[in-house]
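Engineer: Whatever this is, show me its structure:
(4 chains)
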2 protein chains.
Amino acid sequence: MTNRFVDKLNGFSKLRSEEVAALFAATAQAKEIPIKTDLIREGDQPGPVLVMLKGWACRYKILPNGTRQVLAYLMPGDCCDLHIGLLAEMDHSIQVITPALVATIGRLEMDEIMDQHRGIAKAMYLAQLIDEGIMRAWITSMGRRSSVERVAHLMCELYLRARNIGLIDGDELELPLSQLLLADSLGMTPVHLNRVLKVLRESQAMIISRGTLNIKDPRKLVKIAGFDENYLHRRLRVTV
Amino acid sequence: MTNRFVDKLNGFSKLRSEEVAALFAATAQAKEIPIKTDLIREGDQPGPVLVMLKGWACRYKILPNGTRQVLAYLMPGDCCDLHIGLLAEMDHSIQVITPALVATIGRLEMDEIMDQHRGIAKAMYLAQLIDEGIMRAWITSMGRRSSVERVAHLMCELYLRARNIGLIDGDELELPLSQLLLADSLGMTPVHLNRVLKVLRESQAMIISRGTLNIKDPRKLVKIAGFDENYLHRRLRVTV
DNA sequence: CGGGAGATTGAACGAGTTCAACACACGTGG
DNA sequence: CCACGTGTGTTGAACTCGTTCAATCTCCCG
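Structural biologist: Model prediction:
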């Protein structure tokens, strides 16, 4: 059986077979989670590390005025913060946005695994660095890109991340994100997001419909977005 | 002599004396850095961990169209990403914005210190979690707060962070950030930032002038910002 | 077939940008 | 010691991107 978490970490730098085995063991008993379930809520005391094996989730925060900001997307293979257990309480929530399969790794177990398997530790640190890079890219987008550029940039990011973990079928990506969710990710109104999608559709760059993203003209989309994939850190340092 | 890096880590959970000594030793030979020097640039291969002992710096990114987005501020005691050495290249730059005193800790040395001193390792992980919380707060601000709220929120954050490391003198904070820099942090125009500062000044909430932030009415400012300090994680988990 | 959530469109409005001019402080050289 | 230049801060007026509000449409699922 495939395990996208193992695949992802293994993709950073070849893990040894016992490391792969350890990861399999740690994520063996996963749970099916129904759509729109909060895995953890702002204010909760953090528990074990959450690992997405199937399905998507998002980090989000609800402001006092009732608006929501999506902070990140978790795709299959992604996991929540490594050392999260050190905190007294969560400063944001995580919700599953499709039916999902989620494994949990207790803090002690995680520590032990990382102590014994330096390759895993390294891969986990890399994953975290990449997540930070993604956050910085979001800040950059929100601060300095127009709404069209912002949408295009997010789509480039999601497409590449999905491709990196083998989620792409042809040039289409199953994208289970409603326009409301996307709007809350990009700091804009659902109405305006809808209009932006129309612009991108009519410019033949990309089409989102019925839950699938179809990139018609990758080069054009990348150009609109001003997308530079360096922040996803696919090229890793070889001399370690 | 004081060492703000040690103070900061020590503030998370009391370090043992040999841990303090190890940190002192690691940051003993620091360098004076002139203002506006890039400590590291986008595209560079990351080197040692950088530790700010005196002065401020900022992470930033220049977009193809020439605009700049500030991604974070580093204050005395802060350091750049722990495992940065794993990456092939930087996805952003870090620049000193005041004359500064910066120490560097090589990757191997850092690894060794963290292996031998679990208290330091824990404190470093906490620092990183807090930095991530700050990034998420920035995303939230950019996405869902008005310009006045955004400015107020950032000032609350900087004030609290400064206070946490004992940088506050009375109710004033020496804030070496030009309006241009602030505008580039908050995703707005210098002109508009200036108008927002005027609004906040006239509402008697806070005044920035000649490089100092003076919070006239903390309660009002917090209310304007919708500020909740939970993301700075001062309250830590006791049962570890 | 009916209900409800998400998607789409129009028109008026408003927050923030743009461009341009001017003020002010500070450091440097004459 | 003043003159000057440069970077930073301040203000006005026109403009524009994105919001708001409200109506309608589509699709899916029971």
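
Engineer: which stretches of chain A form helices?
Structural biologist: A:4-12, A:17-26, A:107-116, A:118-144, A:147-164, A:179-186, A:190-202, A:218-225 (DSSP state H).

Engineer: Which one of those helices lies nearest to B:L180?
Structural biologist: helix A:118-144 (13.6 Å; CB to CB). Quick note: C-beta positions are derived from backbone N, CA and C, even for glycine.

Engineer: center of chain A - which residue?
Structural biologist: In chain A, the centroid-proximal residue (CA atoms, centre = their mean) is A:L74; its distance is 3.1 Å.

Engineer: which residues sit in contact with it?
Structural biologist: A:52, A:56-59, A:80, A:94 (CB atoms under 8 Å, 6 or more residues apart in numbering or on different chains).

Engineer: list the contacts for A:D38?
Structural biologist: Here A:D38 is in contact with A:93-96 (CB under 8 Å, 6+ apart).

Engineer: repeat that for 10 Å
Structural biologist: A:D38 makes contact with A:44, A:57, A:60, A:93-96, according to CB atoms under 10 Å, 6 or more residues apart in numbering or on different chains.

Engineer: Just the residues contacting the helix or strand bottoming out on mean pLDDT in chain A, thanks.
Structural biologist: Across the helices and strands of chain A, mean confidence by mean pLDDT, DSSP states H and E is lowest for strand A:172-174: a mean of 90. With CB under 10 Å, 6+ apart as the test, strand A:172-174 has contacts from A:56, A:98, A:155, A:158-163, A:167-168, A:207-208, A:210-215.

Engineer: same deal with stretch A:7-19?
Structural biologist: A:3, A:6, A:20-23, A:51-52, A:75-79, A:113, A:116-127, A:130, A:161, A:164-166, A:233-234, A:236-238, A:240, B:86.

Engineer: that older thread, who wins for proximity to B:N65 among the helices of chain A?
Structural biologist: helix A:118-144 (8.2 Å).

Engineer: and A:S147, how many neighbours does it have?
Structural biologist: With neighbours defined by other CB atoms under 10 Å in any protein chain shown, the count for A:S147 comes to 18.

Engineer: no no, A:L108
Structural biologist: Quick note: A:L108 (other CB under 10 Å) scores 10 neighbours.

Engineer: contacting residues for it?
Structural biologist: Residues near A:L108 by CB under 10 Å, 6+ apart: A:48, A:85.

Engineer: Would you quantify the distance from it to A:P48?
Structural biologist: Remark: distance between A:L108 and A:P48 (CB to CB, to the nearest Å) = 9 Å.

Engineer: Need the buried ones from the contacts of strand A:172-174 selected in ChimeraX.
Structural biologist: Under the burial definition 16 or more other CB atoms under 10 Å in any protein chain shown, those of these that qualify are selected in ChimeraX by:
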select /A:56,98,155,158,159,160,161,162,167,168,208,213,215
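
Engineer: So what does A:R145 have for phi and psi?
Structural biologist: phi -120, psi 150 (degrees, to the nearest 10).

Engineer: Who are the contact partners of it?
Structural biologist: Going by CB under 10 Å, 6+ apart, A:R145 touches A:151-154, A:186, A:224-226, B:63, B:65, B:67, B:69, B:187.

Engineer: now those in CSV, with pLDDT, distance to B:T140 and neighbour count?
Structural biologist: Converted to CSV, the contacts of A:R145 look like this (pLDDT from 0 to 100; distance: CB to CB, whole Å; neighbours: other CB atoms under 10 Å in any protein chain shown):
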residue, pLDDT, distance to B:T140, neighbour count
A:V151, 98, 19, 29
A:A152, 97, 22, 28
A:H153, 98, 18, 23
A:L154, 98, 16, 21
A:L186, 98, 13, 23
A:I224, 96, 26, 23
A:A225, 96, 22, 21
A:G226, 95, 23, 17
B:L63, 95, 21, 16
B:N65, 89, 25, 9
B:T67, 94, 21, 14
B:Q69, 97, 16, 24
B:G187, 97, 12, 23
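
Engineer: show me which of those residues neighbour DNA strand C.
Structural biologist: B:G187 (CB under 7 Å from any atom of the strand).

Engineer: which one of the contacts of A:R145 is nearest DNA strand D?
Structural biologist: The nearest member of the contacts of A:R145 to DNA strand D, counting by CB to the nearest atom of the strand, is A:L186 at 8.6 Å.

Engineer: Check the gap between that closest one and A:R150 for me.
Structural biologist: 5 Å.

Engineer: anything in contact with each of those two?
Structural biologist: The contact sets of A:L186 and A:R150 overlap at A:138, A:141-142, A:193, A:196 (CB under 10 Å, 6+ apart).
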